[in-house]
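Asker: Provided below are the primary sequence and the corresponding predicted coordinates.
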Amino acid sequence: MSLPCAFFHAEGDVIKVIEAMNIFSQERSYDKKKWTSINGTDLSNIHKHKPLVSILTLVYNHSAFIEQTIDSVLNQTLQNWEWIILDDGSTDGTGEMIRNIKDSRIHYSLQEHTGFDHLTRTYNKALAMCSGDFIALLDGDDYWPEYKLGIQVKSFDDPDTVLSYGECLVINQNGKKIHYACLPEDLSVAHNNPIGSALKKLLVDKFCFMVHPTVMVRKSTLLTVGGFIEAGGIGEDFPTWLRLSLEGKFLAIPRCLGYYRKHPFSVTATQNPIVYFDNEINFLRDFIVRNNQKLENLGFSFDMNELEKHWVDIRMFNNAMFMLKLGSHKNAQSEFGKFLERNSSIKSKIIYVLIILSALFKINLVNPATYINWKLQMFMKTLFAPK
C-alpha cells in the first residue's frame, strides 16, 4: 500500500530521524542456537505475574529475518510482556530458531499451513491465547526500536483510547530503507477524535495509515467487536482498524515505532493488488450497510454514488501504478490517461508526463521521483528542526 509522509512535528524531528537511522543501522551479535539472557539477566523465569502486553506474532518461513525480530523484543525497555508466536507451518527452520529461546514468556505454537485465505482466523486463534491487557502486533519479518512498548503503553492511560500507533520506517528484504511513513496531516484523522474521524481516510479514501508493526490495541475493545474482523480476500488489519474507529479514540505517536519489511516473499506481496483492491471495496460497501445506524449516530452520511465514483478514481490510479511496476508502460499510460480525464490537477499532469517518459525510456520514472521526494522531505525535516 502507499504510505504518505505529510505530517511533520517541528520539535523532536532531528531526534526521530536519528532514532530511525541509528537503530536501523545497529548490528547486534546473535547466538544462533539460543538466547538465554539479556544484559546479564536470566530470562528463564522473568515476570511470572500477569503480563501487561501480549505480543502477537504470526510466522511463516521467516528464518532469514526472525533473529532481528527476536532481538528487538528481548531488548525492549518494558519487560512486562508475553509473546504469542503462531507458526503457520514453516519448513525453513523458523520454528527451531524460536524454540531455542529460553524464556518462559514466549509461547510458540505450530499449526498446519493454512495460508493467506485463513490469515484472519489464524490471528484470532493467536488472540485467544493472549492474556495481556494490550495487544502489540509484530510479524516475523518486522522488528521494533527498543523503546517501543515502553512508550506505547502510556497511550492507554486515557480510557477512551482503543488503538495506538506511530511512525514507521519501511525497509526491503536486504534492510535497505525504502520509505518513512509519518502520521496523517489532519490531526482529527490521526487521533480519530471525534470518534469516527479516521473514516475520512480509512473509508472514503480507502487508505490504511496505521502500519502493522507500530499498532497496539486495547484487548477488551478488540474482543468487544469480535476480535480481528474477517473479510474475504484481504488481511486482518484494515477491516479491524476500520471497525475500531467506531469504538474510541486513537493515539498517534510522532516517533518511529516499527520497522516494516516489504519483500517479494511476504504473504501480501503474493496477492494481486487489483483483485485485493476490489475485495477491499466490497468490504467497505458491506461495512457501511452493517454499521449504518452507528455511522448515523456519529453524524456520518454518505452519497454512495459519489463514493463509488471516488473509489473508481482510486482504482484507476492504482491500476496505472501496478502496470508501471510490471513494466507495462503503454498500458500504464492508457490507464492513467483515463484517470487524468477525471482528475486534471497539476500533480496528476506531472505524473502523467513521467509515465509518458517512462514509456519512452522503458524505465519507471514515477517511483524514483517519489523516492527522491521522500529523501528531500527527510532532509528538510532535519534542516529546519530547532537546534
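Answerer: In hand now; what should we look at? Numbering: from 1, shown residues only.
Asker: can you list the residues that contact whichever strand or helix holds G337?
Answerer: Assigned by DSSP states H and E, G337 falls within helix 329-342. Residues from elsewhere that reach helix 329-342, judged by Cβ atoms under 8 Å, 6 or more residues apart in numbering: 313, 316-317, 319-321, 323-324, 348-349, 351-352, 355-356, 358-359, 362. (Each C-beta comes from the backbone N, C-alpha and C, glycine too.)
Asker: following it, which helix or strand shows up next?
Answerer: helix 346-361.
Asker: Which residues belonging to that following helix are considered buried?
Answerer: 351-352, 354-356, 358-359 (16 or more other Cβ atoms under 10 Å).
Asker: Ok, stretch 274-281 next?
Answerer: Within stretch 274-281, the residues that qualify as buried are 277, 279-281, counting by 16+ other Cβ under 10 Å.
Asker: next one: it to chain centre, how far?
Answerer: 18 Å (Cα atoms, centre = their mean, to the nearest Å).
Asker: Ok, stretch 75-86 next?
Answerer: Offset of stretch 75-86 from its chain centre (Cα atoms, centre = their mean): 19 Å.
Asker: any idea what sits nearest G132, other than its immediate chain neighbours?
Answerer: Among residues not flanking G132 along the chain, S54 sits closest, at 3.4 Å (Cβ to Cβ, 6 or more residues apart in numbering).
Asker: can you list the weak-confidence ranges in the stretch 1-150 of the chain?
Answerer: 1-49 (pLDDT under 70).
Asker: mind listing the strands in it by residue range?
Answerer: Remark: strands assigned in the stretch 1-150 of the chain by DSSP state E, counting those that start in this stretch are 37-38, 41-42, 53-59, 81-87, 106-110, 134-137.
Asker: now do the stretch 201-350 of the chain
Answerer: Using DSSP E, counting those that start in this stretch, strands in the stretch 201-350 of the chain cover 216-218, 249-261.
Asker: just checking, what packs against the shortest one?
Answerer: Just to be clear, that refers to strand 216-218. With contacts taken as 3 or more Cβ pairs under 8 Å, 6 or more residues apart in numbering; DSSP states H and E, strand 216-218 sits against strand 134-137, strand 161-171.
Asker: helices or strands next to the first one in the packing?
Answerer: Looking back up the chat, that one is strand 134-137. So strand 134-137, by 3+ Cβ pairs under 8 Å, 6+ apart, packs with strand 53-59, helix 148-152, strand 216-218, helix 219-224.
Asker: Direction included, what does that strand pair up with?
Answerer: In the sheet, strand 134-137 lines up against strand 53-59 (parallel), strand 216-218 (antiparallel) (DSSP bridges).
Asker: of all those, which lies closest to S188?
Answerer: Of all the strands paired with strand 134-137, strand 216-218 sits nearest to S188, with 19.9 Å by Cβ to Cβ.
Asker: contacts for the closest one?
Answerer: Contacts for strand 216-218 (Cβ under 8 Å, 6+ apart): 53, 133-137, 149, 152-153, 155-156, 161-165, 244, 248.
Asker: Of those, keep whichever come out buried.
Answerer: Among the contacts of strand 216-218, those classed as buried by neighbour count (16+ other Cβ under 10 Å) are 53, 134-137, 149, 152-153, 155-156, 161-165, 244, 248.
Asker: just to revisit the earlier point, same list (the buried residues of helix 346-361) but as TSV, adding pLDDT and distance to F207.
Answerer: Conversion of the buried residues of helix 346-361 to TSV gives the following (pLDDT from 0 to 100; distance: Cβ to Cβ, whole Å):
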residue	pLDDT	distance to F207
I351	88	17
Y352	87	21
L354	89	22
I355	87	22
I356	88	27
S358	82	24
A359	81	27
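Asker: Let me know the closest of these to T91.
Answerer: Of all those, T91 sits closest to S358, with 39.1 Å by Cβ to Cβ.
Asker: which residue packs closest to that closest one, ignoring adjacent ones?
Answerer: Per Cβ to Cβ, 6+ apart, closest to S358 is L365, 4.7 Å.
Asker: From E247, how far out is K294?
Answerer: Here the criterion is Cβ to Cβ, to the nearest Å. By it, K294 lies 9 Å from E247.
Asker: of these two, who's got more company?
Answerer: E247 (18 against 13; other Cβ atoms under 10 Å).
Asker: How about the contacts made by the more buried one?
Answerer: So E247 contacts 162, 195, 221, 224-225 (Cβ under 8 Å, 6+ apart).
Asker: before we move on, what about D205?
Answerer: Counting by Cβ under 8 Å, 6+ apart, D205 touches 310, 314.
Asker: got a pLDDT number for G175?
Answerer: Here the pLDDT value assigned to G175 is 88.
Asker: That one: neighbour count?
Answerer: Neighbours of G175 under the rule other Cβ under 10 Å: 12.
Asker: Need phi/psi at it.
Answerer: The phi/psi pair for G175 (degrees, to the nearest 10) reads phi 80, psi 10.
Asker: Kindly report the same for the one 10 residues further on.
Answerer: Note on E185: its backbone torsions stand at phi -70, psi -40 [degrees, to the nearest 10].
Asker: That one and L203: what is the separation?
Answerer: E185 is 18 Å from L203, by Cβ to Cβ.
Asker: what residues does the lengthiest helix in the chain touch?
Answerer: The longest helix of the chain (DSSP state H) is helix 304-326. Outside of helix 304-326, the residues within contact range by Cβ under 8 Å, 6+ apart are 204-206, 273-274, 277-278, 281, 284, 288, 329, 331-333, 335-336, 338-339, 342-343, 355, 358, 364, 366-367.
Asker: buried residues in it?
Answerer: 307, 311, 314-324.
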